[in-house]
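>>> Provide a 3D model corresponding to the input given below.
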Amino acid sequence: MIEKELRDGLRGAVTDEPPLGFDPDEAVTRIGVKVRRRRATFGVAAAVVAVLGGAVLVQQSVGVGRGGGLEVAGQPPAPPAAITGLEIDFPWPPQGLPRPERYTQSRADEQAAGVRDSFLRAFLKEAPHATNAKAQKANTLTAGDPGLGPNVMEGGVDFRDQAGDTAVVYSVYSPRYTFHRPAEECVQQPQSTVRIESCHVSKLPDGTALVVDLVRGTQGGGAIASAVHYRLDGVVVRVSAYTYNPSGGGGPMRDRPALTNEQLVALATDRDLTM
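This is a model prediction of the structure:
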């Protein structure tokens with residue numbers, strides 16, 4: 001996936017911080033849009049996209065394998081992930097939606113600026129313990145057919161807590177982006193350098209779907225927790241927190257991601273995050 005799961009940050013973290021234990025290209029992919037590799041896409045690093053590291057948002061094709069055990073060359077299979085509720089009554093993509101309107105770059109950038117400010121306010125509400133909170137530059141990009149116009153938005157907030165500096169990253173995929181089904185978030189892919197430790201798919205009271213997962217490098221090291229919200233209007237939002245600083249520039253390796261699942265879900269389901 002690409003979440004910014006990827007962002008610029010991820011690259012900085014890989015360069016400046018302790019080993020993360022996974023391929024940043026892959027990680028980025030996982031978190032965001034499935035743009036297939038950071039170098040082929042948008043410099044995930046620059047875009048902080050859903051899903052993991054920097055470049056992100058673009059789900060860069062991190063393809064974090066999920067599901068069964070993961071074979072890593074020279075190592076025993078990874079333990080199976082704790083996966084629950086994969087099959088839910090939730091048709092995807094939603095049927096009967098009007099053809100999505102094509103965005104111009106200027107319109108997408110204007111909306112991204114508003115989402116950036118809104119996300120910062122929401123974050124400060126959900127994480128009152130955070131200090132030095134600063135919104136990252138919001139990015140929009142076109143994933144896939146250039147004729148679609150901008151269809152992915154990435155951004156985040158750099159902040160400090162009791163453990164040190166880190167960031168929370170979001171990726172917003174418009175209905176013009178073809179996003180995989182919720183259950184596919186929990187499929188462990190062979191040869192992935194990221195192992196799914198837990199993944200849960202559920203249907204919310206409003207009829208939308210939610211995936212909450214935790215992935216970690218197969219060599220140990222960094223981990224990423226994400227909440228992915230599938231909406232009835234075809235929009236998908238991913239919000240991720242890390243055990244390291246995805247923006248680079250220093251920071252501790254934490255025992256657990258900087259935000260709780262509850263905080264990630266609250267942020268991912270915020271309707272102001274849209275495209």
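>>> Please read off the pLDDT at residue 134 from the model.
With respect to pLDDT, residue 134 scores 97.
>>> tally of neighbours for it?
Other residues lying near residue 134 total 12 when counted by other Cβ atoms under 10 Å. (Each C-beta comes from the backbone N, C-alpha and C, glycine too.)
>>> Residue 131 too?
Residues within reach of residue 131, counting by other Cβ under 10 Å, total 10.
>>> tell me the secondary structure for the closest residue to it other than its chain neighbours?
In space, not counting the residues next to it along the chain, residue 131 is nearest to residue 160; the distance is 5.0 Å by Cβ to Cβ, 6 or more residues apart in numbering. Using DSSP: H, G, I helix; E, B strand; the rest coil, the secondary structure recorded for residue 160 is strand.
>>> Let me see the contact set for residue 160.
By Cβ atoms under 8 Å, 6 or more residues apart in numbering, the contact list for residue 160 reads 130, 131, 132, 166.
>>> Kindly indicate the member of the residues you listed with the most neighbours.
Counting neighbours by other Cβ under 10 Å, residue 166 comes out on top of these with 26 neighbours.
>>> ok, and for the strand or helix carrying that one, which residues are buried?
Taking DSSP states H and E as the criterion, residue 166 maps to strand 164-173. Of the residues in strand 164-173, those buried by neighbour count under the rule 16 or more other Cβ atoms under 10 Å are 165, 166, 167, 168, 169, 170, 171, 172, 173.
>>> Tabulate those (a markdown table), appending distance to residue 180.
Listed next are these as a markdown table, based on distance: Cβ to Cβ, whole Å:
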| residue | distance to residue 180 |
| --- | --- |
| 165 | 32 |
| 166 | 27 |
| 167 | 25 |
| 168 | 23 |
| 169 | 19 |
| 170 | 18 |
| 171 | 14 |
| 172 | 16 |
| 173 | 10 |
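>>> From the residues you listed, pick the one nearest residue 240.
Nearest to residue 240 among these: residue 169, at 5.2 Å, using Cβ to Cβ.
>>> Tell me the confidence at that closest one?
On the pLDDT scale, residue 169 is placed at 98.
>>> The one 3 residues further on too?
We have a pLDDT of 97 for residue 172.
>>> Hmm, it is touching residue 152, no?
Yes. Under the criterion of Cβ atoms under 8 Å, residue 172 is in contact with residue 152, at a separation of 7.1 Å.
>>> Can you check what pLDDT the model gives residue 45?
The model reports residue 45 with a pLDDT of 28.
>>> Could you pull up the mean pLDDT of stretch 111-123?
Here the mean pLDDT over stretch 111-123 is 97, rounded to a whole number.
>>> go on, stretch 143-150?
Predicted confidence along stretch 143-150 averages 86 (mean pLDDT).
>>> ok, and for it, which residues are buried?
Residues of stretch 143-150 classed as buried: 143, 144, 148, 149, 150 (neighbour count, 16+ other Cβ under 10 Å).
>>> And those residues, which is closest to residue 136?
Sorting the buried residues of stretch 143-150 by distance to residue 136 puts residue 150 at the head of the list, at 17.3 Å, by Cβ to Cβ.
>>> What segments of the stretch 151-275 of the chain are helices?
Residue ranges of the helices in the stretch 151-275 of the chain, as given by DSSP state H, counting those that start in this stretch, are 261-268.
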